[in-house]
Structures are given as structure tokens and as C-alpha cells.
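Enquirer: Could you look at this predicted model? Sequence included:
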Amino acid sequence: MELQQILSLTRKCIDKYNLIADNDVIAVSCSGGKDSLTLAVALKALKRFYPHHFDVKVVSIQVLKTSILTI
């Protein structure tokens, strides 16, 4: 599946369920697997043209260590 298809499906879901409003901060828990990485990349790409401004934080939790990355 190409990025354009992923963005289209992601946006349809976000719009259908009103998941993003202006100035939202979205946390994506990233395990390093394909699904969480794809969601993080899709949201970052969607920021460029989505009508509402939002930020994405990628969170990775490991035993005794928490990392938060703004993308």
C-alpha cells in the first residue's frame, strides 16, 4: 500500500469520527512495529494539509525508560 492510500484511509477515519480538533496534541505509542510506525508517519504527513492544526508526540515506553519525541 502506498503512502497516498494510507493518508486517504487515515483522513477518512479521522473525519468520520471527528478525532482531531484545532491545537490537539496526539500521542502515538510506538512499539517499533509496522502499525505504530505507519500511524506516526501518516499523522506527520497529514499535518501538512489537514485543515486543523495539531501536533504529534511519539511515545516509547521501555522498562525504566520513557522517551517522547515530537515529530
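Expert: Received it, and whenever you're ready, just let me know what you need.

Enquirer: Spell out the secondary structure type for residue 61.
Expert: The three-state assignment at residue 61 reads strand, by DSSP: H, G, I helix; E, B strand; the rest coil.

Enquirer: Can you name the residues bridging to it?
Expert: residue 66 (DSSP bridges).

Enquirer: What separation do you get for it and residue 71?
Expert: 17 Å (C-beta to C-beta, to the nearest Å). (Glycine included, C-beta is placed from N, CA and C.)

Enquirer: For the chain, which segments are assigned as helices?
Expert: In the chain, the helices defined using DSSP state H lie at 3-16, 34-46.

Enquirer: Spatially nearest residue to residue 55 (excluding sequence neighbours)?
Expert: residue 25 (4.8 Å; C-beta to C-beta, 6 or more residues apart in numbering).

Enquirer: could you list every residue that touches the one you found?
Expert: 54-57 (C-beta atoms under 8 Å, 6 or more residues apart in numbering).

Enquirer: Out of the helices of the chain, which is the most enclosed?
Expert: Most buried of the helices of the chain, by mean neighbour count (mean count of other C-beta atoms under 10 Å): helix 34-46, with a mean of 16.

Enquirer: wait, isn't residue 19 in contact with residue 10?
Expert: No - judged on C-beta atoms under 8 Å, residue 19 makes no contact with residue 10 at a distance of 9.7 Å.

Enquirer: Need the overlap of contacts for these two.
Expert: With contacts taken as C-beta under 8 Å, 6+ apart, residue 19 and residue 10 have no neighbour in common.
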